[in-house]
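Novice: Give me a 3D structure for the following:
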Amino acid sequence: MPAERLDRKVTVILATDVAAYSKHVEQDESLTIKTYSEREAVLLKLIEDFRGRVFNTAGDSVLAEFASAVDAVECAAAFQVQMVEINSQPDTECKLEFRIGINMGDVVQKDGNLLGDGVNIAARLEALSQPNGVSVSKSIHDLVAPKTNLTFNDLGTQQVKKNHFYAYDLLLAHSSKRSLGKPLIKRPPVIAIAIAIVSVIGLSFIFWDTQEQHDLTSELFLDSKAVKILVGDIRPLTKDQATSNLAIGLTQAIRSKLNDYNEVNLPPEDLRDRLISGDGPDADALLKLNIAYLISGTVQRSDEVWRIIIELADNVRSKVIWSETIDFAGVNGFAIQDAVSNEVLASTMTKVTMGEDAALDRLVFTDAEHFLTFMNWRSNFLTRTPESLIRAEKIADELLPRLPVDNVYKYLVAGWNAFARLNNGSSPDQLADEKILYDAIETSLRVDPGYAHNLAGLTAMFFEKDCVKASYHIKAFVEAGKNANRIRQMGYVLIPCGEAQSAIEFLNIALKLEPNAKNAEIKQMIIAAHMFAGDVSMALEVANGFMKSGLQDQATRNLVAYIHLLNGDLKAASSLSAELEGLETIDEVQLKKAARVCGYFCLSMERHSKL
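Specialist: Sure thing, here's the model as predicted:
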């Protein structure tokens, strides 16, 4: 049977994000999120005006496609000019600076999204561009330059990972002309190194002479959305071979562990060696490469005891954000490497990549390896496919016997697995799984109720249909630790329990706390909440805005199709769901069919409408 042909086309891709966005968030999260929303609205309006289409958003980034290269570049220029003008106003509190990259290339279409090298290179060009600037590929330049009065600066051939391509800067009134030069091939000569050495967060930084310093930004075009971290050399404080060997092993083990974690990017080995020339990293070069975090440490030996000190520092704020001192006695070097690298990865998750929710869970675990296994279970469980739930079961079988009796997840993991089996109809023994579920709730509420109220509340909602009990538990869960994930859980209860307006308020808070690619479920809940509130037109208006901004997954399309049926628009519903194609009338049978395809909220709406 021939392989299915991919749906390909050639198009113009515009990619944009905010320079130093995380730094703005750290300084004032609420103001940054509010300001970004305002600036994003300007961008989305311009994209629409220049006949573009947004196909994806993630955090502070937007990806859009255009049929015309001229439209894309003129849209980018208009946006950057407006942003510079806004930032120049004395009353602008938060001055966000955007970077834009534009490329034309072959892409693959899938469920409204665009994938492939054409998109990837646009993202790399965006990382290459200056704040308030626009960088374009040669294909874009050659199409736009002859047809407009726009001026470009030739940057020459640039390297993006394994790809080489020609790039240009668009020169606007506020732009500065720059020269990136060729990628650095050799270590800088000794005479180019400044004499002054300063000590910063436990490491000595050597600053290269500014006249001779190579521009390293063309060397590191890693994914601009992943967190960039540099692992420095773990330094031996005891001058013996065993300590030196352990220090080298620890450095390699930490790098290996973080390299396997796709939420972070480490500089490749050759670039890392150049960054850590002399006694320590070059602080200026790290900032230019947007390497925001440094991992450093020491190892020393006294008789048969090893002491390891590890630090995670924020390079932007010059502040140590996590530090751990670990002593080992009578343990071999490999076991030490495994334990320390696990601790570093766990702390990277809680302090850098996953934030408050992982940090709350981390408090429950005294062993970093157990925590990492739990996070693996959590990732598979939340994916919710049959395959991922099977993997979650296997991970739980490995994890639970190793957890101490005072760890609430020893009971909650088993309870959640039983919950999933009962909810998706895969339970081989319903009575046995119900006992596992309710025993887990009872025990976990006794051990640590702040973590257990979630399972208790959703069980009351899904299986007991008890809104009062469910609302009590889910609100207690949020009060025990307010964050985007916990607020999101409220949607499952408040929406079908007649508190849709309250749900909308909470979910919008959750959306501001988590404005990234992982917020699709929050957006779906907001749409559903407006539907439950009886405002179908507002539900469709909100849905249209989210879908224009890139929310194009099939779960959202099925939900919006159902709402269109409620609104009497069969044509619009059929265009979103293949299950509804060919229907000629809207009746009770078709609404039930659409609700089953849609899932939880639509089925709840069907039951709600019959009350």
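
Novice: doesn't residue 77 fall inside a helix?
Specialist: Yes. Counting by DSSP: H, G, I helix; E, B strand; the rest coil, residue 77 is part of a helix.

Novice: In CSV, list the C-alpha atoms belonging to the helix or strand hosting residue 493.
Specialist: Residue 493 is part of helix 484-494, with elements assigned from DSSP states H and E. Once non-C-alpha atoms are left out, helix 484-494 reads as follows in CSV (Å, rounded to 0.1, in the frame of the first residue of the first chain):
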residue,chain,number,x,y,z
ALA,A,484,-2.4,27.8,36.4
ASN,A,485,-2.8,24.0,36.5
ARG,A,486,-4.8,24.0,39.7
ILE,A,487,-7.1,26.8,38.5
ARG,A,488,-7.6,24.9,35.2
GLN,A,489,-8.9,21.9,37.2
MET,A,490,-11.7,24.1,38.5
GLY,A,491,-13.1,24.3,35.0
TYR,A,492,-14.1,20.7,35.0
VAL,A,493,-16.3,21.3,38.0
LEU,A,494,-17.5,24.9,37.9
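
Novice: which residues are contacting that helix?
Specialist: For helix 484-494, contacts defined as Cβ atoms under 8 Å, 6 or more residues apart in numbering pick out 356-357, 454, 457-458, 461, 467, 470-471, 474-475, 477-478, 480, 500, 502-503, 506-507, 509-511, 513-514, 519, 521-522, 525, 528-529, 600. For the C-beta atoms, the positions are set from N, CA and C on the backbone; glycine is no exception.

Novice: for that helix, what is the average pLDDT?
Specialist: Helix 484-494 carries an average pLDDT of 83.

Novice: all helices of the stretch 451-600 of the chain, in order?
Specialist: 467-479, 484-494, 500-513, 520-532, 536-548, 554-566, 570-576, 588-598, 600-609 (DSSP state H, counting those that start in this stretch).

Novice: picking up where we left off before, please pick the buried ones from the contacts of helix 484-494.
Specialist: 357, 454, 457-458, 461, 467, 470-471, 474-475, 477-478, 480, 500, 503, 506-507, 510-511, 513-514, 519, 521-522, 525, 528-529, 600 (16 or more other Cβ atoms under 10 Å).

Novice: And the helix holding residue 493, how far out from the chain middle?
Specialist: Offset of helix 484-494 from its chain centre (Cα atoms, centre = their mean, to the nearest Å): 19 Å.

Novice: same question, stretch 392-403
Specialist: When C-alpha coordinates are averaged (Cα atoms, centre = their mean), stretch 392-403 and its chain have centres 27 Å apart.

Novice: Report the buried residues of that stretch.
Specialist: Buried residues in stretch 392-403, counting neighbours by 16+ other Cβ under 10 Å, are found at 392, 393, 395, 396, 399, 400, 403.

Novice: Wait, the second one touches residue 417, no?
Specialist: In this case it means residue 393. Yes. Counting by Cβ atoms under 8 Å, residue 393 touches residue 417, with 5.8 Å between them.

Novice: Strands along the stretch 201-350 of the chain, start to end?
Specialist: Secondary structure of the stretch 201-350 of the chain (DSSP state E, counting those that start in this stretch): strands located at 203-208, 227-236, 264-265, 293-302, 305-314, 319-329.

Novice: any idea of the mean pLDDT in the first one?
Specialist: The reference is to strand 203-208. Per-region confidence: strand 203-208 scores 31 on mean pLDDT.

Novice: Could you count how many residues lie near the residue nearest to residue 441 when sequence neighbours are not counted?
Specialist: Nearest residue to residue 441 in three dimensions, chain neighbours excluded: residue 456, at 4.9 Å (Cβ to Cβ, 6 or more residues apart in numbering). When neighbours are counted by other Cβ atoms under 10 Å, residue 456 registers 25.

Novice: Residue 456 contacts residue 442, doesn't it?
Specialist: No. When contacts are counted by Cβ under 8 Å, residue 456 is not listed as touching residue 442 (9.1 Å).

Novice: Who are the contact partners of residue 345?
Specialist: Residue 345 makes contact with 257, 258, 261, 368, 372 under the criterion Cβ under 8 Å, 6+ apart.

Novice: of those residues, closest to residue 143?
Specialist: Nearest to residue 143 among the contacts of residue 345: residue 261, at 39.7 Å, using Cβ to Cβ.

Novice: isn't that closest one right up against residue 348?
Specialist: Yes. At 7.3 Å, residue 261 and residue 348 qualify as touching, with contact defined as Cβ under 8 Å.

Novice: With neighbour numbers in mind, choose between the two.
Specialist: Shown here are residue 261 and residue 348; by other Cβ under 10 Å, residue 348 has more neighbours (24 against 17).

Novice: how close does the more buried one get to residue 260?
Specialist: Residue 348 sits 12 Å away from residue 260, going by Cβ to Cβ, to the nearest Å.

Novice: Check residue 128 too.
Specialist: From residue 128 to residue 260 the distance is 27 Å (Cβ to Cβ).

Novice: Settle it for me: which of these two has more neighbours?
Specialist: Of the pair residue 128 and residue 260, residue 128 is the one with more neighbours under other Cβ under 10 Å, namely 21 against 9.

Novice: you'd agree the more buried one is up against residue 167?
Specialist: Yes. Counting by Cβ under 8 Å, residue 128 does reach residue 167; the two are 6.3 Å apart.

Novice: Name the residues contacting each of those two.
Specialist: If you check residue 128 and residue 167 against Cβ under 8 Å, 6+ apart, the residues they both contact are 135, 155, 158.

Novice: got a list of what residue 510 touches?
Specialist: Neighbouring residues of residue 510 by Cβ under 8 Å, 6+ apart: 484, 487, 488, 519, 522.

Novice: do residue 10 as well
Specialist: Under the criterion of Cβ under 8 Å, 6+ apart, the neighbours of residue 10 are 104, 105, 106, 107, 118.

Novice: if you set the cut-off to 10 Å instead, what comes out?
Specialist: By Cβ atoms under 10 Å, 6 or more residues apart in numbering, the contact list for residue 10 reads 104, 105, 106, 107, 118, 139.

Novice: would you say it is within a strand?
Specialist: Yes. Assigned with three-state DSSP, residue 10 falls within a strand.

Novice: So what pairs up with it in the strands?
Specialist: For residue 10, the beta-bridge partners under DSSP bridges are residue 106.

Novice: which residues sit against stretch 575-590?
Specialist: The contact list for stretch 575-590 (Cβ under 10 Å, 6+ apart) reads 543, 547, 552, 554, 556-574, 593-594, 596-598, 606.

Novice: what do you get if the cut-off is 8 Å, keeping everything else the same?
Specialist: Stretch 575-590 is contacted from outside by 557-558, 560-561, 564-565, 568, 570, 573-574, 593-594, 597, using Cβ under 8 Å, 6+ apart.

Novice: I am finished for the moment; much appreciated.
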